[in-house]
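Colleague: with the input below, show me the fold.
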Amino acid sequence: MAQPMFVLVQFNVKDFPKYFEQYGSLMSAVVGKFGGQFLAASGDVVVQEGQSSGNLTAIIRFPSKEAATAMYESEEYAPLKAKRINELTDGGNLIFIPGLETI
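Modeller: Reported below is the predicted structural model:
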C-alpha cells in the first residue's frame with residue numbers, strides 16, 4: 001500500500017468571493033481526478049502556537065506522493081495555479097507532508 005500524502009495549504013486570499021468563484025469551487029473536481037480529497041478548509045482556524053501564514057488553511061489527502069505531484073503538475077491545475085498565484089492571493093504556503101501508512 002502506498003504512503004498517503006497530505007497537502008497543507010495556507011494562502012493569503014485577497015478577495016474571498018472571487019477566490020471561491022475562480023479557484024476554490026473548481027478545485028474539488030481537479031483534486032478528485034487524482035484521488036485526492038479535501039479533509040478541511042477554513043479561514044476560521046485556531047492557532048495554538050506560533051502564527052498562521054495565511055487567512056485560509058486547507059488540508060488535502062492524496063493516496064500517494066505520486067498522485068499529489070501529478071495533480072500539482074497537471075494541465076488541469078496549471079491555469080488555476082497561475083490565476084491563484086498571479087491574481088487571487090498574496091502568497092502563502094503549499095506543503096507536502098508524508099502521511100503515516102497506518103492511517
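Colleague: surely Val13 is in contact with Arg84?
Modeller: No. Shown here, Val13 and Arg84 do not form a contact pair, counting by C-beta atoms under 8 Å, at 9.1 Å. (Each C-beta comes from the backbone N, C-alpha and C, glycine too.)
Colleague: need the overlap of contacts for these two.
Modeller: Residues touching both Val13 and Arg84 (C-beta atoms under 8 Å, 6 or more residues apart in numbering) are Tyr19.
Colleague: pLDDT at Met1, what is it?
Modeller: The model reports Met1 with a pLDDT of 69.
Colleague: Met27 - how many residues pack around it?
Modeller: 20 (other C-beta atoms under 10 Å).
Colleague: ok, it to Ser74 distance?
Modeller: 12 Å (C-beta to C-beta, to the nearest Å).
Colleague: now Val46
Modeller: Where Ser74 is concerned, Val46 sits at a distance of 33 Å (C-beta to C-beta).
Colleague: more neighbours, the two?
Modeller: Higher neighbour count among Val46 and Ser74: Ser74, with 14 against 6, using other C-beta under 10 Å.
Colleague: doesn't that one belong to a strand?
Modeller: No. Read with DSSP: H, G, I helix; E, B strand; the rest coil, Ser74 is coil and lies in no strand.
Colleague: for it, which residues are in contact?
Modeller: Contacts of Ser74 (C-beta under 8 Å, 6+ apart): Val30, Lys33, Phe34.
Colleague: which of those count as buried?
Modeller: Among these, the ones that count as buried by 16 or more other C-beta atoms under 10 Å are Val30, Phe34.
Colleague: and which of the contacts of Ser74 is nearest Ala78?
Modeller: Val30 (10.2 Å; C-beta to C-beta).
Colleague: low-confidence stretches in this structure?
Modeller: Along the chain, the parts satisfying pLDDT under 70 run over 1, 102-103.
Colleague: hmm, back to that, nearest to Leu56 among the contacts of Ser74?
Modeller: Val30 (16.9 Å).
Colleague: which of the helices or strands spans that closest one?
Modeller: Per DSSP states H and E: Val30 is located in helix 25-33.
Colleague: what's the next secondary structure element after that helix?
Modeller: Of the helices and strands lying after helix 25-33 in sequence (DSSP H and E), the nearest is strand 37-42.
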